[in-house]
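[1] Provided below are the primary sequence and the corresponding predicted coordinates.
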Amino acid sequence: MDTSRPIGFWLKLVDRMIDEQFASTLEEHGVTRRQWQLLNVLSRESATVEQLDAAVAPFLSANSDDPTENSSAEHLTELVESTWVAETGARYQLTERGHLAFERLAEVVTTQRTVMTEGLRPDEYEATVGALERMARNLGWND
């Protein structure tokens, strides 16, 4: 393994590969990765578009001229049309059908994550995530 490559190389490569793998896996089940992320947030509690945007901000493209890339709104529309998500006033929440779909998708995602982290001990994974979080905070990220 060539460890002389900078961290940016590995971050971009792994990020792109994670996106491709999850997109392919989730597409087989009729959802996009962004929709999965929204379902994941909504599985815990109802939320407004603004709260959802904040929760998935690292995955939205703030630099895009395409509004569907920098807001959750378009992704929510499809979830509402599929009756997985209900809109009540300004808040969105999972329907019973949405909860069932989320549970099925969660199994698929868990399998994908298991494949992705194969060969890593839990402490190695935790150390990697912790180091990346510290780097993000050092660069000014606040949640």
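    Cool, the structure landed.
[2] flag every buried residue along whatever helix or strand Met17 lives in.
    Using DSSP states H and E, Met17 sits within helix 7-27. Residues of helix 7-27 classed as buried: Phe22, Thr25, Leu26 (neighbour count, 16 or more other C-beta atoms under 10 Å). Quick note: C-beta positions are derived from backbone N, CA and C, even for glycine.
[3] assumed Gln93 was part of a strand.
    Yes. Using DSSP: H, G, I helix; E, B strand; the rest coil, the assignment for Gln93 is a strand.
[4] alpha carbons of stretch 90-99, as CSV, please.
    Extracted in CSV, the C-alpha atoms of stretch 90-99 (Å, rounded to 0.1, in the frame of the first residue of the first chain):
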residue,chain,number,x,y,z
ALA,A,90,-44.0,22.7,8.1
ARG,A,91,-42.8,19.4,9.6
TYR,A,92,-42.1,16.1,8.0
GLN,A,93,-42.5,12.7,9.7
LEU,A,94,-42.3,9.1,8.7
THR,A,95,-45.6,7.3,8.1
GLU,A,96,-46.1,3.7,9.2
ARG,A,97,-45.2,2.6,5.7
GLY,A,98,-42.1,4.8,5.9
HIS,A,99,-41.0,3.2,9.2
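[5] check which residues of that stretch are buried.
    Residues of stretch 90-99 classed as buried by neighbour count (16+ other C-beta under 10 Å): Tyr92, Leu94, Thr95, Gly98.
[6] distance from it to the middle of the chain?
    17 Å (C-alpha atoms, centre = their mean, to the nearest Å).
[7] can you list the neighbours in contact with it?
    In this structure, residues lying in contact with stretch 90-99 by C-beta atoms under 8 Å, 6 or more residues apart in numbering are 38-39, 42-43, 45-49, 52, 76, 79-80, 83-86, 102.
[8] hmm, 6 Å instead?
    Applying C-beta atoms under 6 Å, 6 or more residues apart in numbering, the contact partners of stretch 90-99 are Leu42, Ser46, Thr48, Leu76, Thr83, Trp84, Val85, Ala86.
[9] against which helices or strands is the helix or strand following the helix holding Met17 packed?
    As assigned by DSSP H and E, the chain's next helix or strand after helix 7-27 is helix 33-42. Other elements packing on helix 33-42 under the criterion 3 or more C-beta pairs under 6 Å, 6 or more residues apart in numbering; DSSP states H and E are helix 7-27, helix 49-55, helix 73-81.
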